[in-house]
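> just coords:
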């Protein structure tokens, strides 16, 4: 393997580890936002605050229980954040917590 290619590969690996597994990741973390089809429910995962995707799903289930009329129509949860594969500091979430990225997209 070419020496420059090896060096570039090591730099890429170091950059990935630095931006995904250090406090830098916490500082750069995006707030993931969600809504239902008619925007009567909106919520967000605030980067570094402890709210996870599972918390959002539980809150939405509670919302549907409290509003049974919303459970009759389109009761899917939509993501209102865009998918940005060039943001390497989000690759950890994209790989290990990909369920939030599989939600259908809806403009906020």
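On my side now, so go ahead. Please read these numbers as outputs of a predicted model, since none were measured by experiment. Residues are numbered from 1 along each chain as shown.

> ends of stretch 97-108, what's the gap?
The straight-line separation of the ends of stretch 97-108 (Cα to Cα, to the nearest Å) is 22 Å.

> which residues does that stretch contact?
32-35, 37, 45, 53, 76-80, 82-83, 93-94 (Cβ atoms under 8 Å, 6 or more residues apart in numbering). For glycine as for every other residue, the C-beta is placed from the backbone atoms N, C-alpha and C.

> then stretch 21-38?
18-19, 41-48, 53, 56, 60, 63, 70, 73-81, 84, 87, 89-90, 92, 100, 103, 106, 108.

> now do the buried residues in it.
Across stretch 21-38, burial judged by 16 or more other Cβ atoms under 10 Å covers 25, 29-30, 32-36.

> then stretch 99-106?
Neighbour counts over stretch 99-106 (16+ other Cβ under 10 Å) mark 100-101, 103 as buried.

> can you select the buried ones from the contacts of stretch 21-38 in ChimeraX?
Entered in ChimeraX, the line below selects the buried ones among the contacts of stretch 21-38, by 16+ other Cβ under 10 Å:
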select :19,41,43,44,45,47,53,56,60,63,70,77,78,79,80,81,89,90,92,100,103
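
> closest to residue 5 among the buried residues of stretch 99-106?
Taking Cβ to Cβ as the measure, residue 5 lies nearest residue 101 of these, at 30.0 Å.

> longest helix in the chain, please.
helix 3-20 (DSSP state H).

> can you list the buried residues in that one?
Result for helix 3-20 [16+ other Cβ under 10 Å]: buried residues 19-20.
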